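The following comprises the amino acid sequence and a computationally predicted model.
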Amino acid sequence: MYQAPLPVEYTAASEEELRSRILAAKSALGNRLVILGHHYQRDQIIEFADFRGDSYKLAQNARAHPEAQFIVFCGVHFMAESADILTSADQKVILPNMAAGCSMADMAGLFQVRSCWKQLTELGIEGVVPVTYINSAANLKGFVGEHGGIVCTSTNAPGAVEWALEQGEKVLFFPDQHLGRNTGVRLGFDYEVDMVVWDPFKPLGGNSAEDLRRAKFILWKGHCSVHKRFTVEQIERARAEYPGVTVVVHPECPLEVVQAADMNGSTEFILKVVTEAPAGSVWAVGTEINLVKRLAIENPDKTVFCLDPEICPCSTMYRIHPSFLCWVLERLVAGEVVNQVIVPEKTAEWARVALERMLTIGQRVRD
Ligand code: 13P
Ligand code: SF4
């Protein structure tokens, strides 16, 4: 998505000036405004968030505030789209920087998924239920809704996949192969026997017809560039340096990393386990650095560090700079809505079905 450059009064403003202007705009807008902040946002954004959370919790929060005229989503594009789909027509969802996308979400396009579906249909493969990770464009969620599938997040992927397998024979999971594989293994499937990877740039995704017929899981060849960086060697090093350390990683990490870790879960899960851990405990965390640094600051009685010694920020989440937040809020105070994310109703209709299915099976969330 294209983002026009900001007026110089925002780019040249100091951190302190931006802070006081954001506070002033926020107070002028009062309860007409709700600011949502994903856990990967920098501290200078999180301090203004009315609610912070993982993708699942923020989707719930967006829906839980019908009184808010404006929902400013400090996260990435697919999150703002989901919020727009789940809120009423008179509420406006705003993404402070339109260039804040998700490289993983971009790895599956509607045209490619339709082509995959067509190839599976032509092979006579029936009972395929599409499951999309929430990290995907709204039109893919629409495709999933229309074809009897469901959206999942890292919080409820096992429940969503179980649901899908009750509706049909096999799952087409996109765009994150790792979350799909980790979820399948968690549910007791064998990744070598029951799963194939679909490469959208190869005929039949690079598989034989026989393999596709046999597979229980067809995993889209997508990944997160941040979570791909975590390795088993990093875990071994952390254990050697800190005996007694607990390793917790995000399920977007590769299977061998998830299997070598002590636990895995969504960003909200990671926050919860570290926050609730006893004083003196030591945590090696495999997820984005802004969250890990904040956990370390908010838990001074524990040792919390990132598994990856090199810094690993999500570069697109980082595009939500306070200058963009200040700009969108001040425009709202002036009566102008900028950077509104609008999902056309034609797409939103089926996408809403897929998202609502996810929220309905929310109770099946496993720990
Ligand atoms: P969570 O839903 O766990 O916050 O994950 C979102 C995400 O994009 C992780 O990379
Ligand atoms: Fe996307 Fe990875 Fe960033 Fe999450 S961390 S928003 S999956 S690029």
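The structure has been received and is ready for your questions. Ligands and ions are numbered 1, 2, ... in the order given.

Residue 319 and residue 97 touch, don't they?
Yes - with contacts counted by C-beta atoms under 8 Å, residue 319 reaches residue 97, the gap being 4.5 Å. From N, CA and C alone the C-beta is placed, and that goes for glycine too.

Would you mind listing the residues touching both of those two?
Counting by C-beta atoms under 8 Å, 6 or more residues apart in numbering, the common neighbours of residue 319 and residue 97 are residue 3.

Give me the more crowded residue out of those two.
residue 97 (23 against 17; other C-beta atoms under 10 Å).

Need the three-state assignment for the more buried one.
Using DSSP: H, G, I helix; E, B strand; the rest coil, the structure places residue 97 in coil.

Check which residues of the host helix or strand of residue 111 are buried.
Element membership for residue 111, per DSSP states H and E: helix 110-122. Using 16 or more other C-beta atoms under 10 Å as the test for burial, helix 110-122 gives 112-113, 116-117, 119-120.

what pLDDT does residue 311 get?
At residue 311, the model reports a pLDDT of 73.

now it, what's its secondary structure?
Put simply, residue 311 is coil when judged by three-state DSSP.

Kindly report the same for residue 106.
Taking three-state DSSP as the rule, one finds residue 106 in the helix state.

Provide the count of other residues in contact range of it.
By other C-beta under 10 Å, the burial measure for residue 106, its neighbour count, is 16.

Report the separation between it and residue 52.
25 Å (C-beta to C-beta, to the nearest Å).

now residue 280
With C-beta to C-beta as the criterion, residue 280 and residue 52 are 26 Å apart.

the more surrounded of the two?
Neighbours were tallied for residue 280 and for residue 52 using other C-beta under 10 Å; the higher tally belongs to residue 52 (24 against 9).

so which residue of the stretch 251-367 of the chain comes closest to ligand 2?
At 3.3 Å from ligand 2, residue 314 is the closest residue in the stretch 251-367 of the chain, using C-beta to the nearest ligand atom.

Contact partners for that residue?
40, 226, 288, 290.

just checking, the last one touches residue 43?
Yes - using C-beta under 8 Å, residue 290 is in contact with residue 43, at 7.4 Å.

out of these two, which sits in the busier spot?
Ranked by neighbour count (other C-beta under 10 Å), residue 290 and residue 43 place residue 290 first, with 22 against 10.

Any buried residues in the helix or strand hosting the more buried one, and which?
Using DSSP H and E, the element containing residue 290 is helix 289-298. Of the residues in helix 289-298, 289-296 count as buried by neighbour count, 16+ other C-beta under 10 Å.

I'd like those residues as CSV, with distance to residue 216 appended.
Listed next are the buried residues of helix 289-298 as CSV, based on distance: C-beta to C-beta, whole Å:
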residue, distance to residue 216
289, 35
290, 36
291, 33
292, 34
293, 39
294, 38
295, 36
296, 40
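
same for ligand 2: which of these are within range?
Among these, no residue sits close to ligand 2 (C-beta under 6 Å from any ligand atom).

How about exporting the host helix or strand of residue 26 as CSV, limited to the C-alpha atoms?
Assigned by DSSP H and E, residue 26 belongs to helix 15-29. Output of helix 15-29 as CSV, limited to C-alpha atoms (Å, rounded to 0.1, in the frame of the first residue of the first chain):
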residue,chain,number,x,y,z
GLU,A,15,9.6,13.0,20.3
GLU,A,16,8.4,15.2,23.3
GLU,A,17,6.4,17.5,21.0
LEU,A,18,4.7,14.5,19.3
ARG,A,19,3.9,13.0,22.6
SER,A,20,2.1,16.1,24.0
ARG,A,21,0.3,16.6,20.7
ILE,A,22,-0.9,13.0,20.6
LEU,A,23,-2.1,13.3,24.2
ALA,A,24,-4.0,16.5,23.4
ALA,A,25,-5.6,15.1,20.3
LYS,A,26,-6.6,11.9,22.2
SER,A,27,-8.2,13.9,24.9
ALA,A,28,-10.1,16.1,22.4
LEU,A,29,-11.5,13.0,20.7
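
Tell me the buried residues in that helix?
Counting neighbours by 16+ other C-beta under 10 Å, one finds that the buried residues in helix 15-29 are 18-19, 21-22, 25-26, 29.

contacting residues around it?
If you take C-beta under 8 Å, 6+ apart as the criterion, helix 15-29 is touched by 10, 13, 33, 35, 44, 48, 70, 322-323, 325-326, 329-330, 332-333.

Buried ones only from the residues you listed, please, as a ChimeraX command.
To isolate the buried members of the contacts of helix 15-29 in ChimeraX, using 16+ other C-beta under 10 Å:
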select :10,13,33,35,48,70,322,323,325,326,329,330,332
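
Which ones among the contacts of helix 15-29 map onto helices?
Here DSSP state H is the test, and those give 10, 44, 322-323, 325-326, 329-330, 332-333 as lying in helices.

will you turn the buried residues of helix 15-29 into CSV that also has pLDDT and distance to ligand 2?
Shown next, in CSV, are the buried residues of helix 15-29 (pLDDT from 0 to 100; distance: C-beta to the nearest ligand atom, whole Å):
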residue, pLDDT, distance to ligand 2
18, 98, 24
19, 98, 25
21, 98, 27
22, 98, 23
25, 98, 26
26, 98, 25
29, 98, 27
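
would TSV of those residues with distance to residue 78 be doable?
Formatted as TSV, these follow (distance: C-beta to C-beta, whole Å):
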residue	distance to residue 78
18	26
19	28
21	28
22	24
25	26
26	25
29	25
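
rewinding a little: from the contacts of helix 15-29, pick the one nearest ligand 1.
Looking across the contacts of helix 15-29 and measuring by C-beta to the nearest ligand atom, the closest to ligand 1 is residue 35, at 16.7 Å.
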